[in-house]
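Peer 1: fold the stuff below for me.
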Amino acid sequence: MSEKHDEPTICPWCQTEIVWDEEIGPESHCPHCENELSNYRTVQFGSELDDEEMDEEEELEDVDSWTDTGRDLSDLRPYNRDQLALEETMARILDEQLEAPECPTCREFMMEAGTQIVTQEQFQPRTPEALGEPVVSAPFQLQLYVCPSCFHAQNRLSVKDQERLVRLLTKAADLED
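Peer 2: Numbering: from 1, shown residues only. All right, here's what the predicted structure looks like:
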């Protein structure tokens, strides 16, 4: 395995020069882009055209393929228009919200869907010894947030109840001093 590679090997996918380890030998995958090196094949059409002419010709062929099937480029517009309308509506909704948490699943901003009021019949509070009273006492409100991309839903304590919890924790800390 002491074969020496005189000419550099270039990955056909990422165009990076690959330096072989003499002890291990040739790589089957590019160490940079992880693509397989042995099954790369190219097909060339119109090799007499330069790159600019080929790009223009490919664009014309794409347009021709749409018009040959009885479609026109307006068939592509509804998706783009719908996508833009969706994004615009989402932006307006998010601008109105006090908070816009990030979805833990897909990292999109979540929409506030509504408020749930939790009553004493629906909730059994826990009273930590360190506080001497429940962390949250009923009735309290939960804000429901929904992700418009993956539809993950999550609850968050309402702002008013968040402030009440902070006051409770602060009061408990003052009592220890």
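Peer 1: would you map out the domains in this structure?
Peer 2: 1-42, 51-96, 101-176 (automatic domain parsing).
Peer 1: show me how far stretch 86-93 is from its chain's centre.
Peer 2: 17 Å (CA atoms, centre = their mean, to the nearest Å).
Peer 1: how close does Val136 get to Phe109?
Peer 2: Look at Val136 and Phe109: by CB to CB, to the nearest Å, they are 26 Å apart. All C-beta spots, glycine's among them, are computed from the backbone N, C-alpha and C.
Peer 1: what's around Cys147, how many residues?
Peer 2: 20 (other CB atoms under 10 Å).
Peer 1: residues contacting it?
Peer 2: 103, 105-106, 108, 110-111, 153 (CB atoms under 8 Å, 6 or more residues apart in numbering).
Peer 1: 10 Å instead, please
Peer 2: Residues in contact with Cys147, defined by CB atoms under 10 Å, 6 or more residues apart in numbering, are 101-111, 153-154.
Peer 1: number of nearby residues for the nearest residue to it once chain neighbours are set aside?
Peer 2: The shortest distance from Cys147 to any non-neighbouring residue, by CB to CB, 6 or more residues apart in numbering, is to Cys103 (4.0 Å). Neighbour count of Cys103, defined by other CB under 10 Å: 19.
Peer 1: now do Ser137
Peer 2: 15.
Peer 1: what's the helix or strand for the residue lying closest to it once chain neighbours are set aside?
Peer 2: The shortest distance from Ser137 to any non-neighbouring residue, by CB to CB, 6+ apart, is to Pro125 (5.8 Å). Assigned by DSSP states H and E, Pro125 belongs to no helix or strand.
Peer 1: from Val146, how far off is Pro125?
Peer 2: 27 Å.
Peer 1: tell me which of those two has more neighbours.
Peer 2: Val146 (15 against 12).
Peer 1: roughly how far does the more buried one sit from Ala91?
Peer 2: 16 Å.
Peer 1: over to Ser137?
Peer 2: Counting by CB to CB - Ser137 and Ala91 are separated by 37 Å.
Peer 1: I'd like to know which elements the helix or strand hosting Ala113 is packed against.
Peer 2: For Ala113, the element it lies in under DSSP H and E is strand 111-118. On a contact count with 3 or more CB pairs under 10 Å, 6 or more residues apart in numbering; DSSP states H and E, strand 111-118 meets helix 77-96, strand 140-146, strand 153-157.
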